[in-house]
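>>> Based on what follows, work out the 3D shape:
(2 chains, ligands or ions: 3)
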Amino acid sequence: MATASPPQRSPLMTPSFLLAADLKARYRPQREWVEGRGLFLIVAHFLSGAGAAAWLLAVPLNGPPGLVVGWVLVALSGLAHLAFLGKPARFWRMARRPHSSWISRGLLGLAVFLLSGGGFLGLAWLGQGGSALGQGLFWLSLLGAAWLLVYKGFVWASAKGIPLWNTPLVPILYLVYGLRGGLAALLLVALAQPRAGELAAMETLKLWLGLSSALLVLVYVAVMRGTGLTAAASVRALLRGQAAAVFYLGVVLLGLVWPIALGAYALATPVSGVVLASVGLTSLLGDLALLYAVARAGLYRPLPA
Amino acid sequence: MRLGMVIDLKKCIGCYGCAAACKAENATPPGVLWCRVVKVESGTYPQVRRISVPLQCNHCGDPECLKVCPTGATFKHENGIVDIDHELCVGCRYCMMACPYQARTFQHQVLGYFPGGLTPYEQRGYQRHQEGTVSKCNFCLPRLERGLEPACVANCMSRARIFGDLDDPTSEVARAIREKGAQPLYPELGTDPSIFYIAP
Ligand code: SF4
Ligand code: SF4
Ligand code: SF4
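Numbers count the residues shown, from 1 in each chain, chains lettered A, B, ... in the order given. Ligands and ions are numbered 1, 2, ... in the order given. Next up is the predicted model:
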């Protein structure tokens, strides 16, 4: 059944205008996964990665507060996914094709995690977290969280229309960035309720993950530059084009330089909670910026070939 | 049976007749182009050449859009046509990211072409389109069911388009591919397109 809106004549942002402009360009930008409601998808993937990693890392590092924060972040990612969809009331249909679609696989992981994690938290609140049911749910939630952390990169990497994403490097990059996001969230939680030895362990891990992600971003950019004309055009968009401002300010400065510099300094000299909080916050912003910048730089192969 | 098409770039005069016929037949709203014609310039002055390349969904034998669709909204008919069930589509747009041929459009709003509301033609034609879902060419399946050719083929004044069964070696389309060496777009991607182009 068609749902036809009355005509709206905003001068430059009509679908026809954008389409005409895009089709004139040799490399047409993808817009649906980064503009308008597409921004919700970026936020959803950021929240699900950070939340799942926070849940996993809370076990050795932080305990119950981290688990709650992790679960809430993943639940918010579910809401952001709904806000992104064109027909959100039909969301449950997305679980129908797990044999071939990474979105189906992700939705199943999300459902498993939210139900088992929520069940475990509920039982723990009632003092039954150590029961057989509580432990069963907990282990299931760990599996769900691990799956959530991994699947997101494959959603992007399986998009054959966008060469910048269609590489095995993307799942690795997004996995490491998910872990970084989770750790940054736990750092903020730990600053609110510090426990002995906890912060030192997180700082060291955070620095290590910061350095690894910096190296991964470098490798990703260098490899994609040599992976064909379209991927090279996307790298230009990332370094000098429409995604450059977010890349340099968000990914490099906030997400890498600041956390790594302060992390290294904090290893040598004790620093205040405010400084550590800034590391957590900027790191989270950097993670969000990376997802945004890579999506924004996504270009289709030129047609005709 | 596998329906497919040959587009002879030697014959195409770039008149946009196919794109206009597609719009008229399928009542696609503004911003939605199931069939389009791209002009490509090559060479340097005075040795310059301009060709026209019509583009649309390739109804791939191994379609990426179908693999990634989480709902099963994208499906394939027995005759090889890749289609979308709009009642199942959830508007995730994964198919748009997976299709290497930019063949799909997300319908943010089903707008009219003229100020002052939808025309009677639009009111009727837009019954086929849903806001918040993705759409694309279906080789004019309703016309095929009535024994007609797709609108782009029937309306091509220079007969640049040949439509038929790729599996039937005696069909005009199969012969054109064989005899004129027609090639699909980006064959190296393994999508096995059903539209072939005769070089200009
Ligand atoms: S051209 Fe694109 S939309 Fe059409 S069948 Fe192939 S992959 Fe799917
Ligand atoms: S937008 Fe619709 S047709 Fe495309 S992948 Fe999502 S559910 Fe399938
Ligand atoms: S109608 Fe025929 S000649 Fe005109 S642009 Fe389309 S394919 Fe080319």
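>>> Okay, strands next: where are they in the chain?
In the absence of a named chain, chain A is used. For chain A, applying DSSP state E gives no strands.
>>> could you do chain B instead?
Going by DSSP E, chain B shows strands at B:3-8, B:35-44, B:47-56, B:74-76, B:82-84, B:105-106, B:134-135, B:161-165, B:195-198.
>>> Tabulate the ones you listed in a markdown table, adding columns for mean pLDDT, distance to ligand 1 and mean neighbour count.
Where C-beta positions appear, they are placed from N, C-alpha and C, glycine not excepted. Shown next, in a markdown table, are the strands of chain B (pLDDT from 0 to 100; distance: least, Cβ to the nearest ligand atom, whole Å; neighbours: other Cβ atoms under 10 Å in any protein chain shown):
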| stretch | mean pLDDT | distance to ligand 1 | mean neighbour count |
| --- | --- | --- | --- |
| strand B:3-8 | 98 | 12 | 23 |
| strand B:35-44 | 91 | 12 | 14 |
| strand B:47-56 | 93 | 8 | 16 |
| strand B:74-76 | 98 | 7 | 19 |
| strand B:82-84 | 98 | 4 | 21 |
| strand B:105-106 | 94 | 10 | 22 |
| strand B:134-135 | 97 | 9 | 24 |
| strand B:161-165 | 97 | 16 | 21 |
| strand B:195-198 | 97 | 8 | 23 |
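>>> which residues does residue B:40 bridge with?
Counting by DSSP bridges, residue B:40 is bridged to residue B:51.
>>> mind checking how far it is from residue A:257?
For residue B:40, the distance to residue A:257 equals 43 Å [Cβ to Cβ, to the nearest Å].
>>> ok, now residue A:138?
Counting by Cβ to Cβ, the gap from residue A:138 to residue A:257 is 38 Å.
>>> What of residue B:143?
On the measure of Cβ to Cβ, residue B:143 and residue A:257 end up 60 Å apart.
>>> what sits against the spatially most central residue of chain B?
Centroid-nearest residue in chain B: residue B:56, 2.8 Å away (criterion: Cα atoms, centre = their mean). Contacts for residue B:56 (Cβ atoms under 8 Å, 6 or more residues apart in numbering or on different chains) come out as B:22, B:34, B:35, B:36, B:103, B:136, B:137, B:152, B:195.
>>> That one bridge partners, please.
residue B:35.
>>> the residue most distant from the middle of chain B, which is it?
residue B:46 (34.1 Å).
>>> Now do that one, the pLDDT please.
Looking at residue B:46, its pLDDT is 90.
>>> gap between it and residue A:46?
54 Å.
>>> just the contacts of residue B:56 now: which is nearest chain A?
When the contacts of residue B:56 are compared for distance to chain A (Cβ to the nearest Cβ), residue B:36 comes out closest, at 7.0 Å.
>>> That closest one is in contact with residue B:54, isn't it?
Yes: using Cβ atoms under 8 Å, residue B:36 is in contact with residue B:54, at 7.3 Å.
>>> what touches both of the two?
Joint contacts of residue B:36 and residue B:54 (Cβ under 8 Å, 6+ apart) are residue B:19.
>>> just for chain A, where's the confidence low?
Residue ranges of chain A with pLDDT under 70: A:1-18, A:62, A:194-198.
>>> Relative to chain B, which residue of it is the closest?
residue A:86 (1.9 Å).
>>> isn't that residue right up against residue B:110?
No: in this structure, residue A:86 is not within contact of residue B:110 by Cβ under 8 Å, at 11.8 Å.
>>> Neighbour count: those two, which is higher?
Shown here are residue A:86 and residue B:110; by other Cβ atoms under 10 Å in any protein chain shown, residue B:110 has more neighbours (25 against 20).
>>> Can you name the residues of chain B sitting close to ligand 2?
With Cβ under 6 Å from any ligand atom as the criterion, chain B comes near ligand 2 at residues B:68-69, B:71, B:73-74, B:84, B:89-95, B:133-134.
>>> how about 5 Å then?
B:69, B:71, B:73, B:74, B:89, B:90, B:92, B:93, B:94, B:95, B:134 (Cβ under 5 Å from any ligand atom).
>>> now, which of those sits nearest residue A:39?
residue B:93 (13.1 Å; Cβ to Cβ).
>>> Just give me the neighbour total for the nearest residue to residue A:244 once chain neighbours are set aside.
Nearest residue to residue A:244 in three dimensions, chain neighbours excluded: residue A:238, at 6.8 Å (Cβ to Cβ, 6 or more residues apart in numbering or on different chains). Neighbour count of residue A:238, defined by other Cβ under 10 Å: 26.
>>> thought residue A:238 was touching residue A:293?
Yes: checked against Cβ under 8 Å, the pair residue A:238 and residue A:293 is within contact range at 6.1 Å.
>>> Now do the shared contacts for those two.
In contact with both residue A:238 and residue A:293: residue A:247, using Cβ under 8 Å, 6+ apart.
>>> mind listing the helices for chain B?
B:17-26, B:64-68, B:94-98, B:120-125, B:141-145, B:151-154, B:172-180 (DSSP state H).
>>> which residues does the closest residue to the residue of chain A closest to chain B other than its chain neighbours contact?
Nearest non-adjacent residue to residue A:86, counting by Cβ to Cβ, 6+ apart: residue B:91, 1.9 Å away. Contacts for residue B:91 were tallied using Cβ under 8 Å, 6+ apart; they are A:85, A:86, A:87, B:106, B:132, B:133, B:134.
>>> Dump the strands of chain B to JSON lines, plus distance to residue B:147.
Listed next are the strands of chain B as JSON lines, based on distance: least, Cβ to Cβ, whole Å:
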{"stretch": "strand B:3-8", "distance to residue B:147": "14"}
{"stretch": "strand B:35-44", "distance to residue B:147": "21"}
{"stretch": "strand B:47-56", "distance to residue B:147": "21"}
{"stretch": "strand B:74-76", "distance to residue B:147": "22"}
{"stretch": "strand B:82-84", "distance to residue B:147": "19"}
{"stretch": "strand B:105-106", "distance to residue B:147": "28"}
{"stretch": "strand B:134-135", "distance to residue B:147": "24"}
{"stretch": "strand B:161-165", "distance to residue B:147": "13"}
{"stretch": "strand B:195-198", "distance to residue B:147": "22"}
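>>> who touches the residue of chain A closest to chain B in this structure?
Counting by Cβ under 8 Å, 6+ apart, residue A:86 has contacts B:89, B:90, B:91, B:92, B:93, B:106, B:107, B:131, B:132, B:133, B:134.
>>> swap in residue A:69?
Contacts for residue A:69 (Cβ under 8 Å, 6+ apart) come out as A:51, A:54, A:58, A:185, A:186, A:189.
>>> Against which helices or strands is the lowest-mean-pLDDT helix or strand in chain B packed?
Least confident element among the helices and strands of chain B, by mean pLDDT, DSSP states H and E: strand B:35-44 (a mean of 91). In terms of contact count using 3 or more Cβ pairs under 8 Å, 6 or more residues apart in numbering or on different chains; DSSP states H and E, strand B:35-44 is assigned the packing partners helix B:17-26, strand B:47-56.
>>> ok, back up a step: looking at the contacts of residue B:91, which one is closest to residue A:32?
Scanning these for proximity to residue A:32, where the rule is Cβ to Cβ, the winner is residue B:106, at 5.4 Å.
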